[in-house]
Each structure stands twice: as structure tokens, then as C-alpha cells.
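> sharing a model prediction with you, sequence too.
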Amino acid sequence: MELDHAGFLPRERLDALIERLAAGGRRVVGPVARDGAVVMDTVHRAAELPRGTADTQAPGAYRLGRHDPASPAAERLFAWANGPQGLKPLLFAPQEPLWRSVRDESGSLRFEAVAPDAPAVAVLGARACDVAALALQDRHFLDGPFVDPHYAARRGQVLVVAVDCSHPADTCFCVSTGDGPSVSAGFDIALTELDDGYLVRAATAAGREVLADLSLEPVTAAHRAAADDQHHRACERQSRALPARNLRDALLDNLEHPRWDDVAARCLACGNCTSVCPSCFCHAEADTVSLDHASSEHTREWDSCFTQRHSQMHGYKVRPHIRQRYRQWLVHKLGTWHDQYGRSGCTGCGRCITWCPVGIDITVEATAICTDEGSP
Amino acid sequence: MTARARVAVHKFSSCDGCQLAFLNLGPALLDLAAAVDIVHFAEAGPVDPEAEVDIAFVEGSITTPEDAHRIQTVRARSHHLVTIGACATAGGLQALRNGEDLEAWLGHVYAHRDFVAALPESTPIAEHVKVDFELWGCPINARQVLAVTNALLLGVTPSDEAEKVCLACKRAGAVCVMVTRGVACMGPVTRTGCGAICPRFGRDCYACYGPAEGVNTRALTTRFEGLGLAPEDVARRLRFINNAAPAFREAARTVTGDD
């Protein structure tokens, strides 16, 4: 993969990059190892990043570990795949007020917008799958006739510092969706982590401004060869794959496939898959009225097509059974998403496989339903 | 509902913990007291168990002949009857004695068995009278109390929070304890409302809010066995605070083969 790198940043100088990201009061959010996972949180120094941390992921299982102290990966800060969340919670808030109404003295209602909480944030360590999913969320929240003001306010304040994925997990399949493991678009700055430092490239004016006085070293042919080799090894490490990039017709032709009953028997309908999915955008809205009935607040929160309320209409549940809910999710994500957004809704991050408490594997289900391999 | 609603809080067989949800309201208790007349709430002060009310909150299960008689009176004198907590809604922890030898237990536990009048089973309020709304939890919390009271004051159906704990857990940014540590978390079959407080503090959910909507207990118990739990340990996860809730009771029977 040919990438246009601006320069090389030795690992011991990563703090200089973090300082520049934090300039002007910007909050830097990056990976930290906590609660048994790599989670995104505020970071101030490179020393807080998960040095030498490794992750092992399998259907329904995630364990943190350490790279062999003798291996070069022991000094790396990004030698793991991805944690339970990436960019989504920073932009599509899990729960937030949208507007409120206030009853004035004359008894009439006044409606007020609630200004979104949108501080300037730099996200360090976003992976290709999450950057691709960010583009999908942008399409949903920003590109239609009705721009979502809350998402838009936060989106305008986010600087994305991506990192090419060098250690995909067993659950990853971004090669098959065409979204990784290296980042190709949608970032401000991207890093390729090598044994002794980072190849750095910028794609936007904001990214170039951060790099402007960083005194990057020249990129050598050895750096390029190492990055290229790492990219190919990361591709080869991925054992899972979706059967095709476009499964729309295959899914719509198989709406009564017996596999839906099979997966429904295993599915908890708990909504973990949609919650960790970086592209899922469904939400529910509700009002909370004050006890004196003088004001009310309208809030939005993450919802899931696996809940009953998601398909609740007046006096009628559209999808009362788990079979219908799982089918709705998969057919939309991998099928009708093409009609809506021009591509599949899956970017191959594998989170729905790892974080499913019972380990249901989207690649296995899609293969069973969409290919001859899975014919009844 | 009249401009100023009358409210009662009744207690049956229970630990009194759910009534604390009212006292734990803090400043909001003053707002509540300003919005309604609390005419019977023995734990807090006012005592008038016979009062006719707009909203009766009922804590506790029915375990004695006196309970069974009194709940009929409460129902007859209440416009809306709302159960609060696992005891009133599902029979409570004390329903573990259902199906056991009551006489033998009474002999083991009490010095003078003759002073105890107990029904054979601990049963939820809804098995005795019509219940208008149920608040699950052991204990319930102040937010639930305010939400249901306010909905009834406004004349709208209270919101039934029936989705799984996992969704609140994920919204809170908590890391899944089952996926990262392999512990048997009940979150995927448990009703929301607690704010995922246990997983947020690194422990597994033990289903104190009872079964959620559309649960697949079989899928979860199969997973628990895969995590290394023996069938009797899986059954114990179900036979706990909400052991008599039908979804958990049936799932435990399936696991142990006591059909």
C-alpha cells in the first residue's frame, strides 16, 4: 500500500505530538488499558497509552495480555486490535437532551433548544474500521436534508488521528469489507506504528497545522519497506471474511432461510452488537416532565433493533420475535444499507462477534444465509 | 385524577427497603409532597391504612392469611394500584420456600410454630388483585417512583422499562464483565432500571430487576454452562431474588430437569 508520509516521529517524541494535539485546550482522547479492555479516555502523556498490551479476541471473549517482553511489540503502544468502543460515543452521544419546553406564567409553552456539549477533541488511535464507520455516521447524520445539529456540532470539533492496524484480532475482517487494516481516507492525521516510531501523514489543513512545527525526520526506504510488510502481514492475519461486499440480493432472496430460526435460538436480543457497532445509529427519544409540570426535557438515547420498543407502533409490535429482530439487523446492515447509503453498513471491526455474550459470528451467519455453503 | 392526588404506601411481606426509595428522593421528596397528599406511609409518619387514595403503592408479597385479606381492602380503596419491588411484583426472595415443606421449615426456624400463620406459598400481588402497573427492582429506586407518580398525575400510561440491562451498561460505557472475565452475568435477560450499577462496578448482574421483555433464557443458560457452571449453579443464578418470576422459574426447571 503506497502512502504519502510527511515524516517519521521517533517513539520517544510522541509526547510532542500529544502536546500539539492538546494545544488551545483540545481534549486528547486515546487508548488506555482499564477494566480489562483497551478503552478510550482522556490522555495527557504517551506514558498513559497501553505499552506492550496485547488483546486476544474470540466470539464472546476478550482478554488483555502482554506481548513477549523480548519482542519489539513490547515497546509498541498500538499493538492491539480495537476495544469495545471507538469513535461512536464521542460523536453520537449515548444519551443527551435535545430540547426542553417551559410553561410560562400565562400557561403557554415555550420550546428551547439545548445546546450540545461539543468541546474540541482530538482522538488518537482510531482504526481504519472506525474511520470508515465515521464516514457512514456522517452520511446518516449530516448528508441528508435534515442535518443533526448535535452530531454536527461535535463532528466539527473532532480531529481524527488514526493509526494503521498492525495487530488485527481473530474477530477482525476489515480486509473483506475493503475498509482496512490501513487507513486510506477520512482522517486528519494518520500514523503507522513501527518498532521505533511512527510514520506520520496528514490529510487535512487541520492535520497539517498540528504537524507543522513537529520537526519530523525524513522517511527512509527501510521505514517504507517495514510499513509495507506490516500492512501485508496484518491483511494475512485476518481469517474471517464476509462472503461478498454486496449481500443485498442474497439476503432479500433468503428471508425465510431456516438459519434465521437457528440463530434466533442462540440470540439473547440484548443489543450488545448494535451498541458496539460503530455504524449503528438507531435511537429512541423520550420526555421527562418535572414534578411541578412547569418544564420537560426531551432526550435521545441509543436504541437497538433488538428491543421491543424499537418496533412498537400504536397497539402493534412489528417484530415481537428474536428471529425477526436479528433478521432486521442483518438484512439492514449488510443488505438494504446499500439502497440507503450506497454501501454495506459493516466495516469489518468484528466487535459484534467479540462483544456478543454468546459469541454469534456475523460472518458465519451471513455465509450460512447467503451462500451455497449454507444451503438448507 | 383530582387536582391534588392522594397517595398511600402499603407494606406486606417485605424488608421495607423499597419504601426507602421515597425517602431517598432527597429534595424531590419535598416536590412530591407538594404535588400530592401522602395520607398513609407508616415508615415515614402518616398512618391511615383504610384511606381511599388515587395511587396506592404496594410493597411486599402475600404470605399470610392476613395479607391476603388486607390486599383486597387496599385494592377496593385505591384508584391506581402500583406494586413496588421484587416481593410485590414477583413474590420476592421469600418465594424460594414455594414448593418446599412449609411445616418442616417452620419447625426448624421458629421456637413456637403455633404463633406463625403462613400461606403455603409467597405470591405476587397480581395473583390476588388487579395491578395497574409494576415497578421491578430489589430495591426499586427514586427515579422509578417519580416517573410513575408523575405519569399517573399527568394521566398518561407510565413508561414500561422492559429492555435488557446490557443497553444501559453500554450507554454508560461500562466494559462487559462476561466477555472480558467470563463471569456469569444475568444482564442479557434482566430488566433495565438500575442504571447497570453492578457491571459498572465490575461485578456481574444478579437479576434483581427481574426478567426483561423477550428473554432467551435458554441461550444464556447454555452459555453459562459453557463458561464452566454446573447445572445447579446455573439454576442458582435464576433462583434468587426473582425466583418465582415465570421466565426465571421455568428456565431453572429446564436447566435442572425438574419438569
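Structure's in. What do you need?
> how is chain A carved up into domains?
Following automatic domain parsing, chain A resolves into domains at A:7-98+A:108-236, A:248-283+A:304-374.
> what do you get for chain B?
B:5-154, B:165-256.
> can you list the domains of chain A in TSV and add mean neighbour count and distance to B:Ala168?
(C-beta placed from N, C-alpha, C; glycine too.) Shown next, in TSV, are the domains of chain A (neighbours: other Cβ atoms under 10 Å in any protein chain shown; distance: least, Cβ to Cβ, whole Å):
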stretch	mean neighbour count	distance to B:Ala168
domain A:7-98+A:108-236	19	9
domain A:248-283+A:304-374	20	10
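> what bits of the stretch 101-250 of chain B have low per-residue confidence?
Scanning the stretch 101-250 of chain B for pLDDT under 70 picks out nothing.
> how about the strands in it?
B:133-135 (DSSP state E, counting those that start in this stretch).
> so which residues on it come close to chain A?
With the criterion set to Cβ under 8 Å from any Cβ of the partner chain, the stretch 101-250 of chain B comes near chain A through B:146-147, B:149-150, B:153-154, B:159, B:162-164, B:166-167, B:170-182, B:185, B:187-189, B:202, B:213-216, B:218-220, B:222-223.
> for the domains of chain A, which one sits closest to B:Phe57?
domain A:248-283+A:304-374 (24.8 Å; Cβ to Cβ).
> could I have the buried ones of the residues of the stretch 101-250 of chain B next to chain A as PyMOL selection syntax?
Filtering those down to the buried ones (16 or more other Cβ atoms under 10 Å in any protein chain shown) takes a single PyMOL command:
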select buried, chain B and resi 146+147+149+150+153+162+163+164+166+167+170+171+174+175+176+177+178+179+180+181+185+187+188+189+213+214+215+216+218+219+220+223
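> do stretch A:107-125 and chain B meet?
No - judged by Cβ under 8 Å from any Cβ, stretch A:107-125 stays clear of chain B, getting no closer than 14.1 Å.
> just the C-alphas of that stretch, formatted as CSV.
C-alpha atoms of stretch A:107-125 as CSV (Å, rounded to 0.1, in the frame of the first residue of the first chain):
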residue,chain,number,x,y,z
GLY,A,107,-49.6,29.0,30.8
SER,A,108,-48.3,28.7,27.2
LEU,A,109,-45.4,26.5,26.3
ARG,A,110,-42.0,27.8,25.1
PHE,A,111,-39.6,25.5,23.4
GLU,A,112,-35.9,25.9,23.8
ALA,A,113,-33.0,24.1,22.0
VAL,A,114,-30.5,22.5,24.3
ALA,A,115,-27.0,23.5,23.2
PRO,A,116,-25.0,20.3,22.5
ASP,A,117,-22.0,19.7,24.6
ALA,A,118,-19.3,19.9,21.9
PRO,A,119,-15.8,20.5,23.3
ALA,A,120,-12.8,20.3,20.9
VAL,A,121,-11.4,16.8,20.9
ALA,A,122,-8.5,15.0,19.2
VAL,A,123,-9.0,11.3,19.0
LEU,A,124,-5.7,9.4,19.0
GLY,A,125,-5.7,5.8,17.8
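> look up how far B:Leu23 lies from B:Lys130.
For B:Lys130, the distance to B:Leu23 (Cβ to Cβ, to the nearest Å) stands at 28 Å.
> under the pLDDT cut-off, which ranges of chain A? List them.
A:1-3, A:373-376.
> find the nearest non-adjacent residue to the residue of the stretch 151-300 of chain A found nearest chain B, please.
Relative to chain B, the nearest point of the stretch 151-300 of chain A is A:Ser275 (3.5 Å; Cβ to the nearest Cβ). Nearest non-adjacent residue to A:Ser275, counting by Cβ to Cβ, 6 or more residues apart in numbering or on different chains: B:Lys170, 3.5 Å away.
> correct me, but that neighbour touches A:Cys273?
No - B:Lys170 is not in contact with A:Cys273 according to Cβ atoms under 8 Å; the separation is 10.1 Å.
> about what we covered before: turn the domains of chain A into TSV, including distance to B:Asp114.
Output for these, formatted as TSV (distance: least, Cβ to Cβ, whole Å):
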stretch	distance to B:Asp114
domain A:7-98+A:108-236	54
domain A:248-283+A:304-374	49
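> need the nearest residue in space to B:Pro211, chain neighbours excluded.
Nearest to B:Pro211 is B:Ala247, by Cβ to Cβ, 6+ apart, at 3.8 Å.
> separation between that neighbour and B:Ile241?
Distance of B:Ala247 to B:Ile241, computed by Cβ to Cβ: 13 Å.
> pick out whichever of those two has more residues nearby.
For the pair B:Ala247 and B:Ile241, the greater number of neighbours falls to B:Ile241 (22 against 19), based on other Cβ atoms under 10 Å in any protein chain shown.
> contact partners for that one?
B:86, B:92-93, B:138, B:206-208, B:210 (Cβ atoms under 8 Å, 6 or more residues apart in numbering or on different chains).
> and the gap between it and A:Leu334?
Distance of B:Ile241 to A:Leu334, computed by Cβ to Cβ: 40 Å.
> related to what we said a few turns ago, among the residues of the stretch 101-250 of chain B next to chain A, name the ones in helices.
Filtering these for membership in helices, criterion DSSP state H, returns B:146-147, B:149-150, B:153-154, B:166-167, B:170-171, B:177-181, B:218-220, B:222-223.
> after the stretch of helix or strand A:Tyr62 belongs to comes which helix or strand?
Per DSSP states H and E, A:Tyr62 falls inside strand A:61-66. Next in sequence after strand A:61-66, counting helices and strands by DSSP H and E, comes helix A:88-91.
> on that earlier part again, could the contacts of B:Ile241 be laid out in a markdown table, adding neighbour count?
As requested, those are exported to a markdown table (neighbours: other Cβ atoms under 10 Å in any protein chain shown):
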| residue | neighbour count |
| --- | --- |
| B:Ala86 | 33 |
| B:Gly92 | 27 |
| B:Leu93 | 21 |
| B:Cys138 | 24 |
| B:Tyr206 | 17 |
| B:Ala207 | 27 |
| B:Cys208 | 23 |
| B:Gly210 | 25 |
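> among those, which two are most distant?
Farthest apart among the contacts of B:Ile241 by Cβ to Cβ are B:Gly92 and B:Tyr206. That separation is 14.4 Å.
> so which residue is dead centre in chain B?
Centre of chain B computed as the mean C-alpha position; nearest residue by Cα atoms, centre = their mean is B:Ala86, 1.7 Å away.
> which stretches of the chain form helices?
Since no chain was named, I'll use chain A. A:14-21, A:88-91, A:128-142, A:149-155, A:174-177, A:205-211, A:221-236, A:248-252, A:259-266, A:272-276, A:322-331, A:337-341, A:351-354, A:362-370.
> the chain in question should be chain B.
B:20-23, B:27-35, B:65-76, B:85-90, B:102-109, B:142-154, B:165-171, B:177-181, B:197-200, B:217-226, B:231-238, B:246-256.
> among the ones you listed, which comes closest to B:Val47?
Of the helices of chain B, nearest to B:Val47 by Cβ to Cβ is helix B:65-76, at 14.2 Å.
> buried set for that closest one?
Buried residues in helix B:65-76 (16+ other Cβ under 10 Å): B:67-68, B:71, B:74-75.
> quick one on the thing from earlier: quick one: strands adjacent to the strand holding A:Tyr62?
Sheet pairing for strand A:61-66, assigned by DSSP bridges, gives strand A:53-58 (antiparallel).
> put the alpha carbons of the strand it pairs with into CSV.
Output in CSV follows, covering the C-alpha atoms of strand A:53-58 (Å, rounded to 0.1, in the frame of the first residue of the first chain):
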residue,chain,number,x,y,z
THR,A,53,-0.5,-4.5,25.6
ALA,A,54,-1.9,-7.3,23.6
ASP,A,55,-5.5,-8.4,23.1
THR,A,56,-7.0,-11.8,22.4
GLN,A,57,-10.4,-11.8,20.9
ALA,A,58,-12.8,-14.6,20.0
